[in-house]
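Visitor: A predicted structure for the sequence below; I have some questions about it.
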Amino acid sequence: MGWMHQQRQSLHKQKHTAAEPHLHDAKQTIVPSTIFIEDTTDPNSYQHVPIEMPNDGLPVIAPSIISASKAKNLLWIVIDDVVYDCTRFASEHPGGSDVLEPFQASDCSWQFWRFHRKEDMLGFGKALRIGVTKGVQNKYKERPRFIGLRGFWGQD
């Protein structure tokens with residue numbers, strides 16, 4: 001399939017310099033920077049964070065702000081309590097923006113993990129992170145995984 005092998009500049013390949021390496025005792029360490037959010041009630045205030053920043057250093061975004069992002073035409077999704085801004089990435093997604101838009105401002109963890117691997121998240125997702133949250137619900141009930149009449153991945 002041609003779309004899987006297209007070569008183009010992608011958002012996930014951005015170089016972030018907010019966390020600068022420092023030399024100490026001949027070992028390189030990363031010193032994370034502080035993320036400042038001007039107005040925590042405005043979804044437009046949240047920006048992509050440096051790839052090097054661990055998830056526990058991300059800003060906390062209230063579920064009400066995630067809901068408000070939809071009114072601002074931002075395509076935010078939540079996977080495993082991490083908020084991703086896919087607004088610009090949606091056009092690059094191999095399945096197109098139609099795959100992401102139904103999950104705007106909601107959780108899509110089980111759906112994501114049905115089609116992606118951890119390597120996909122590390123390669124593409126880390127550059128799209130803007131924060132963490134708790135309490136955002138998935139709109140869809142998880143369905144059992146079946147192939148034919150037998151359970152998939154050991155589930156019967």
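Guide: Here it is on my side, so go on.
Visitor: Let me see the contact set for Asp81.
Guide: Neighbouring residues of Asp81 by CB atoms under 8 Å, 6 or more residues apart in numbering: Val132, Thr133, Lys134, Val136. C-beta coordinates here come from the backbone N, C-alpha and C atoms, glycine included.
Visitor: Phi, psi for the first one please.
Guide: In this case it means Val132. phi -130, psi 160 (degrees, to the nearest 10).
Visitor: residues near it, how many?
Guide: 17 (other CB atoms under 10 Å).
Visitor: In this protein, where is pLDDT below threshold?
Guide: 1-39, 147-156 (pLDDT under 70).
Visitor: Kindly recompute the last result at 90.
Guide: In the predicted model of the chain, residues 1-45, 94-96, 120, 122-124, 143-156 satisfy pLDDT under 90.
Visitor: ok, which stretches of it are helices?
Guide: In the chain, the segments counted as helices under DSSP state H are 63-71, 97-100, 109-115, 118-124.
Visitor: Adding mean neighbour count, write these out as a markdown table.
Guide: Listed next are the helices of the chain as a markdown table, based on neighbours: other CB atoms under 10 Å:
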| stretch | mean neighbour count |
| --- | --- |
| helix 63-71 | 16 |
| helix 97-100 | 14 |
| helix 109-115 | 15 |
| helix 118-124 | 13 |
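Visitor: among the ones you listed, which is nearest Asp56?
Guide: Between Asp56 and the helices of the chain, the shortest separation by CB to CB is 16.3 Å, and it involves helix 118-124.
Visitor: So Ala127 is in contact with Pro50, correct?
Guide: No - proximity of Ala127 to Pro50 does not meet the contact threshold set by CB atoms under 8 Å, at 9.1 Å.
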